[in-house]
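1. with the sequence up front, the predicted model follows.
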Amino acid sequence: MTHEVATLEVPEWSIAADTTLKPEPGSRQLSASPSSASLLSANTSTCNNKPKILLMGLSKSGKTSIRNVIFHKMSANETQFLDPTHKIDKLWDFPGKLDISHLRDKEDTSTIEKIFEEARVLIFVIDPVEEKHSIAIDRLHGTILEAYKINPKIKFEVFIHKSDSINEDQKIDNIREMTHRINRKLMSAGLQDRILISFRTTSIYDHSIFEAMSIVCQQLLENILSPFENILNAFVSSNKMEKAFIFDLHPKIFIATDSSTFDMPTYELCCDMLDLIADMGCIYQEYEGGEERGVFSTCSVIKLNDTLLHLKQINRHLALVCIQMQQDTACTQGIVDYNFQQLKHGIQEVLKVANL
Ligand SMILES: Nc1nc2c(ncn2[C@@H]2O[C@H](COP(=O)(O)OP(=O)(O)OP(=O)(O)O)[C@@H](O)[C@H]2O)c(=O)[nH]1
């Protein structure tokens, strides 16, 4: 039995500093630990429920793989052995073969209405290699209309997934073609000015899925994004950094960056540094009196040719990763450390004001 729709509850993005969980022996864990408090849920002042990201798409488009790679640290290769999603579970994965624009069963209809009401972002995953484009576009169109009718505030994202299987020209052609086709459909429904859809190419075999999911998750943190960006801008300019990111440690996605141009190699370098320090942390992490000290409790600096990578933990769940060219190291480590304390203070103030 194949299934075509999966929903995903946003993971616990916990920033509560008082949660002390001991990691399971042998687990590959940074000092971040899931807990009941969620940055995203706390950020939704009008709603007691956690904000939701829905993952939808045709069967085998890659929804479960995306969820597992990002939120459960599954390696991309392991996803080849995933079973199809079979039933609604606590993450609201629900049965495939289910075209929500043709629901007859009352119970299914009300479940889906509830899911859409609570959702903030709907991601529709399309496999560009599969020759089911028209079916996927029809399903996307039907899903968008249905979701918009129930919740006009929902944001729509289309992941043209498995981009590792197509070349650069095909990526551009795919985006162009799908944008054109879906816009034409929206136009005929008179909704082209009301519904905005973002298209991204993604793959679980590189960092593109983490980048895309970072951008999606940032949409749920609108009220703190701009202050975080201002703080990062000040940090970058006072320390002559090239680029800075604030990462959530579990899942490993960035929740803010400074306003300088984003480029993929820099982002990948920062992700790799996080992974490296996490791996080393698993080997060397110390525990004192049962309390986890945190992998990044002191500054980590890695030198790569003429590039310095700095990594500092802000709290149990957030870390700053930034890049500095060595010729710009007129700022000594002491100054960087001092400025980092200012940044940390600023971030904590923003979180306090935002009641997070
Ligand atoms: N090449 C490539 N394959 C991928 C990618 N993402 C997922 N896959 C593969 O696509 C296949 C289907 O992935 P699933 O995650 O099970 O797809 P699904 O959409 O959840 O499928 P259902 O559970 O049936 O709805 C698996 O063999 C994955 O390994 C990707 O980025 N690139």
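-> Noted; the coordinates are in hand.

2. and stretch 306-318, average pLDDT?
-> Averaged across stretch 306-318, the pLDDT comes to 85.

3. can you pull the buried residues of it?
-> 308-318 (16 or more other Cβ atoms under 10 Å). (Glycine included, C-beta is placed from N, CA and C.)

4. same check on stretch 336-350?
-> 336, 339-340, 343-344, 346-348, 350.

5. show me those that map onto helices.
-> 336, 339-340, 343-344, 346-348, 350 (DSSP state H).

6. widest-spaced pair of these?
-> Largest separation among those by Cβ to Cβ: V336 and V350, giving 20.7 Å.

7. which parts of the stretch 101-250 of the chain sit against the ligand?
-> 161-162, 164-165, 203-205 (Cβ under 6 Å from any ligand atom).

8. who wins for most neighbours among those?
-> Counting neighbours by other Cβ atoms under 10 Å, the top entry in those is H161, with 28 neighbours.

9. can you read off the pLDDT for that residue?
-> Per-residue pLDDT puts H161 at 91.

10. do the one 5 residues further on as well
-> According to the model's per-residue confidence, I166 sits at a pLDDT of 84.

11. can you give me the neighbour number for E242?
-> Neighbours of E242 under the rule other Cβ under 10 Å: 16.

12. ok, it to A119 distance?
-> 36 Å (Cβ to Cβ, to the nearest Å).

13. next one: I160
-> Relative to A119, I160 is positioned 21 Å away (Cβ to Cβ).

14. that older thread, show me which of the buried residues of stretch 306-318 is closest to D279.
-> For those, the nearest to D279 is L311 (12.9 Å; Cβ to Cβ).

15. what about the closest one, which SS state?
-> strand (DSSP: H, G, I helix; E, B strand; the rest coil).

16. OK, contacts around it?
-> 273-274, 277, 296, 299-302, 319-321 (Cβ atoms under 8 Å, 6 or more residues apart in numbering).

17. quick one: which of these is most hemmed in?
-> Highest count within those by other Cβ under 10 Å belongs to A319, 29 neighbours.

18. hang on, isn't that one packed against I246?
-> Yes - assessed by Cβ atoms under 8 Å, A319 is found in contact with I246 at 7.3 Å.

19. would you turn the buried residues of stretch 336-350 into JSON lines with distance to D169 and pLDDT?
-> Shown next, in JSON lines, are those (distance: Cβ to Cβ, whole Å; pLDDT from 0 to 100):
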{"residue": "V336", "distance to D169": "43", "pLDDT": "84"}
{"residue": "N339", "distance to D169": "44", "pLDDT": "89"}
{"residue": "F340", "distance to D169": "43", "pLDDT": "90"}
{"residue": "L343", "distance to D169": "42", "pLDDT": "93"}
{"residue": "K344", "distance to D169": "45", "pLDDT": "91"}
{"residue": "G346", "distance to D169": "44", "pLDDT": "92"}
{"residue": "I347", "distance to D169": "42", "pLDDT": "91"}
{"residue": "Q348", "distance to D169": "47", "pLDDT": "89"}
{"residue": "V350", "distance to D169": "42", "pLDDT": "90"}
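
20. I'd like the residues you listed as a markdown table, with distance to P128 appended.
-> Rendered in a markdown table, the data for those read as follows (distance: Cβ to Cβ, whole Å):
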| residue | distance to P128 |
| --- | --- |
| V336 | 43 |
| N339 | 44 |
| F340 | 42 |
| L343 | 40 |
| K344 | 42 |
| G346 | 42 |
| I347 | 39 |
| Q348 | 43 |
| V350 | 39 |
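
21. between the residues you listed, which is nearest the ligand?
-> I347 (32.7 Å; Cβ to the nearest ligand atom).

22. how far away from the center of its chain is stretch 56-66?
-> A distance of 16 Å separates the centroid of the chain from that of stretch 56-66, by Cα atoms, centre = their mean, to the nearest Å.

23. confidence score at I197?
-> 91.

24. could you count how many residues lie near the closest residue in space to it that isn't next to it in sequence?
-> Closest residue to I197 apart from its sequence neighbours, by Cβ to Cβ, 6 or more residues apart in numbering: F156 at 4.4 Å. Neighbouring residues of F156 were enumerated by other Cβ under 10 Å; the total is 19.

25. what does L221 give?
-> Neighbour count for L221, taken as other Cβ under 10 Å: 19.
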